[in-house]
Each structure stands twice: as C-alpha cells, then as structure tokens.
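# Got a predicted structure here, sequence first:
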Amino acid sequence: MKTPRWSADSLTWVPLVLIALFGISGIPWSTWITLTVAGLGMGMMVFVMATGLTLSFGLMDVLNLGHGALIAIGGFIGATVVTGLELGVWPALPWLHWHPGTTWQAGAGAAAIGAALGALAGAALCRARRGARGAARTAWCIAGLALAGTLAGALLGRQLGAAHAASAARLADLGVVASGFVAAFVVLALLGVVFEYLFIRPVYRDPLRQILVTVGASYLIAELLKAIWGSGDVSMGMPASLVGGLQLGGVVIEKYRLLAAGFGLLVYLALQALVHRTRVGLLIRAGVENVEMVQALGYRARLLFLAVFVGGAALAGLGGAMWGLYQGQVGAGMGAQMLVLIIIVVIMGGLGSISGCLYASVLVGLLSNYTTYIVPQVSLFSSIGLMVAVLLLWPRGLVPVR
C-alpha cells in the first residue's frame, strides 16, 4: 500500500522549518546565526546524553529511569578531573596533590587529536570484511591506527609544549577537557557493568519493575553523590582557550558550542555505523525481536545486551561531563533535571531511533535558544509544548524505527 503523498510521515521536516521561521521572524540576522549555532551545540549535548537511553530502550526494551543518575556521575567525574588538572585541587580527593604542567597537558591534547585522526584514517583505509573474523580484523585495524595516532600526537604535543608557549596553552586546554571526557566515559562504562548486574538484569522483560527499580537506584545514587562530593554544587571552569567566541564578520559563535556540535555529530555517525553496518548491530536488533532464536544460533545475546547497556552508560557519562562544562558546575540534582528533557527527546524522536533522537535534540536545542531570546517566559515549558504538538501529528515519533 503506497503512502499518500502528503501524509504526516512525509512532512517530518515541517517542525524544523517552523522553528527556524519563528527564530528569523523575531531575532536580528546576526543574532539568529549565533543562537542557531548555540542551539545546535546544545542539541548535540542533549543527543549524547539521550542516545544511551534510546539504545537501552529501543534495542533492549529496557526503560532505565536511572539514566539521569548516570549522567550526574559523569558530570562529577568530569568536574573532578578538569578542576584537578587545571588547578591542582581535586574535588572529593583532598589527599591528591597532583598538578601536571603545561607540557603534559599539551601532550594529552595532542594525543586526543591524534586519536581522532587515527580513527578517521582507519575508517577510510581499513577495508570492511564480511563475517565475524573480518569484522574483528577491521576493528583491530581501526583501533591500531587510533592508538598509533594517540602515541604520535602525545610525543609531538610534548615537544610542541616545550617549544611554543602559545600553541602549548591551547593544546593544554584541549588536553584538560579531553581528559575529563575520557575519564567520564571510561568510569561510567565500568559502572554500567555494575548497574546492569544489580538493577537491570533482574528485571529484564518486566517494564513495571524496571521503572520501580531504576527510580530507586537513581535516589540511591543521588545520595551517594552527596556523600562523596557534598550537597553543594561542584564548579567546573571552562579552560581559557574555549572561553568566548569566534568573530566571523558581524557574527559571534561560541567556541564550546561549536566544539560540542561537531563532537555530537561524530558520535551520531559512529553509532549509525555500529548499529546498521556491523554484524554486532544486526545481532543486537535481532535479539530484541527474538532473543531465543539468536541464542539458538549460538550467539550470547545477553552479552550483546550488556555491551549495549555499558555503551549507553558510557555515553551518559560523556554527555554529563559535556553538559557540566557548559553549565560551569554540576550538582546531585543535575540528573533528575536532565532526565525530563531526555525522555521528551526520546519519545518525540521515536522510541529506539538514533536518527530521531538526533533530530528531536536539535529541535529542542533550537527552540530553547529562540524562545529564551524572544519570549523568556515560555522557554521553561517550550520543549513540553513541542512534544505535545509533535505527538498529535506523529504519534510514533518523528523518525520511528521501521
């Protein structure tokens, strides 16, 4: 049966156009560009945080309402590392008095750049092969080039840090931020294993118990965060090189928002490639439909689901660190505040849809920035109003899983 030419599914671009027109009609052109880039940056940060819940719910059929708590942990880890590397003062770790110099920090920043370039080179040069062994060889090839890029960048960065002060300062700031992000990602990946074992595994295929258990886990984690880092907020200062904006004609673009937008896009492309172009992604999606059949074919579906949940937890931690750096501080209530926005994005985009999650995140980011400038009184509930309007026309979300 053919879809009607003007059906709602063929008009999913309408919300984006309407939001853009709303912004243009009430904002000067140069300010509109600034707010648009800022909205894209905010949307990408929300996407990184929300995509973990999208993966766990869409691919594993697990509704994890403790996802906000994982975001908060990532924020605290990122704040601890960034503050410690910048100032030598480590929140919750008063006994640690390590303050690396600019040369070490520049090496870390250059290593981050080298790792990204190495991974991109691997994706372009390592030929994808069929079968499990071929996929494993391709993965090892990409990982090897990324590691080589990391080592080369670290060595070059340390030499540059010793020779050029200005370049070293920029690389050092990047190294501080990258170290905080990597720490949040790795620590939350490890904690994701524990969280899945304690709270998720006992309630697979039981939505009601999932809600009760994960909500209880979020309260428990919030109290643990207060016990470790204190009940007050922990500051997370932006490194000097990322403060302010870039002047492009009469337009000012915030550096950090631009960085967040580009980083979020890379995360999206990596997830799309993993889920839709690899054997692992195929097995995960098949396991959601019929886990018994996947196990009958000799695959360990539970191990695949664990990997998905751990990846989602790691992305939650990464997104929490990114959001904490944008806000300048993190608190125990950060996860609960972000969870509402994340649920809006996941539902509005389409349950389990990574592309829908990205699209909805961009819509929320743009609308939030435009309404804050034009009608600040509406900005607090603009996302909820957008979700209601979208679901009236697209009950399954803007980009539902086919």
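It's in. Numbering: from 1, shown residues only.
# quick one: the closest residue to L87 other than its chain neighbours from E86, how far?
In this structure, L87 finds its nearest non-sequential neighbour in H99, 7.4 Å apart by Cβ to Cβ, 6 or more residues apart in numbering. To be clear about C-beta, it is placed using only N, CA and C from the backbone, and glycine gets the same treatment. H99 sits 9 Å away from E86 when distances are taken as Cβ to Cβ, to the nearest Å.
# Looking at the two, which is more packed in?
Neighbour comparison, H99 and E86: the larger count goes to E86, with 20 against 14 (by other Cβ atoms under 10 Å).
# Contacts only, for that one.
Contact analysis of E86 by Cβ atoms under 8 Å, 6 or more residues apart in numbering lists 176, 237, 239.
# again with P207
Neighbour list for P207: L63 [criterion: Cβ under 8 Å, 6+ apart].
# Below-threshold pLDDT in this protein: ranges please.
For the chain, residues meeting the criterion pLDDT under 70 lie at 1-10, 59, 123-139, 157-168, 284-285, 287-291, 402.
# all helices in it, in order from the N-terminus.
Per DSSP state H, the chain has helices spanning 14-26, 29-60, 67-87, 102-125, 131-163, 165-195, 207-229, 255-277, 279-289, 291-296, 301-327, 334-349, 354-374, 382-393. These are given in chain order.
# what's the spacing between the shortest one and its chain's center?
Its chain's average C-alpha position is 31 Å from that of helix 291-296, according to Cα atoms, centre = their mean, to the nearest Å.
# Stretch 339-351 too?
Stretch 339-351 has its average C-alpha position 14 Å from the chain's average C-alpha position, going by Cα atoms, centre = their mean.
# Ok, stretch 232-241 next?
Averaging C-alpha positions (Cα atoms, centre = their mean) puts stretch 232-241 19 Å from its chain's average.
# May I see the buried residues of that stretch?
233-234, 236, 238-239, 241 (16 or more other Cβ atoms under 10 Å).
# ok, now stretch 195-205?
Buried positions in stretch 195-205, judged by neighbour count with 16+ other Cβ under 10 Å: 195-196, 199-200, 203.
# would you turn these into CSV with distance to V375?
What follows is the buried residues of stretch 195-205, written out as CSV (distance: Cβ to Cβ, whole Å):
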residue, distance to V375
F195, 40
E196, 42
F199, 41
I200, 41
V203, 42
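# And these, which two are furthest apart?
Pairwise distances across those peak at 12.2 Å for F195 and V203 (criterion: Cβ to Cβ).
# So which of the helices of the chain has the densest surroundings on average?
Among the helices of the chain, the stretch with the highest mean neighbour count (mean count of other Cβ atoms under 10 Å) is helix 67-87, at a mean of 27.
# still on that earlier bit, how about TSV for the buried residues of stretch 232-241, with distance to A115 added?
Written out in TSV, the entries for those read as follows (distance: Cβ to Cβ, whole Å):
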residue	distance to A115
D233	31
V234	27
M236	23
M238	22
P239	19
S241	19
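# from those, which two are the most distant?
Comparing every pair within the buried residues of stretch 232-241 by Cβ to Cβ identifies D233 and S241 as the most remote, at 23.9 Å.
# thinking again about what came up before, can you tell me which of the helices of the chain is nearest to L93?
Go through the helices of the chain one by one with Cβ to Cβ and the one that ends up closest to L93 is helix 67-87, at 6.8 Å.
# what angle sits between that closest one and helix 334-349?
Here helix 67-87 runs at an angle of 120 degrees relative to helix 334-349 (axes from the mean of the first three to the mean of the last three Cα atoms, to 10 degrees).
# Extract the C-alpha trace of helix 67-87 and format it as PDB.
Presented in PDB, the C-alpha positions along helix 67-87 are these (Å, rounded to 0.1, in the frame of the first residue of the first chain):
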ATOM      1  CA  HIS A  67      19.800   7.200  33.300                       C
ATOM      2  CA  GLY A  68      19.800  10.700  34.800                       C
ATOM      3  CA  ALA A  69      21.800   9.400  37.800                       C
ATOM      4  CA  LEU A  70      24.400   8.100  35.400                       C
ATOM      5  CA  ILE A  71      24.600  11.500  33.700                       C
ATOM      6  CA  ALA A  72      25.200  13.100  37.100                       C
ATOM      7  CA  ILE A  73      28.000  10.700  37.900                       C
ATOM      8  CA  GLY A  74      29.600  11.600  34.600                       C
ATOM      9  CA  GLY A  75      29.300  15.300  35.400                       C
ATOM     10  CA  PHE A  76      31.000  14.800  38.800                       C
ATOM     11  CA  ILE A  77      33.800  12.700  37.300                       C
ATOM     12  CA  GLY A  78      34.400  15.300  34.500                       C
ATOM     13  CA  ALA A  79      34.300  18.200  37.000                       C
ATOM     14  CA  THR A  80      36.800  16.400  39.300                       C
ATOM     15  CA  VAL A  81      39.300  15.700  36.500                       C
ATOM     16  CA  VAL A  82      39.000  19.100  34.800                       C
ATOM     17  CA  THR A  83      39.300  21.100  38.100                       C
ATOM     18  CA  GLY A  84      42.100  18.900  39.300                       C
ATOM     19  CA  LEU A  85      44.200  19.200  36.100                       C
ATOM     20  CA  GLU A  86      43.600  22.900  35.900                       C
ATOM     21  CA  LEU A  87      44.000  24.000  39.500                       C
END
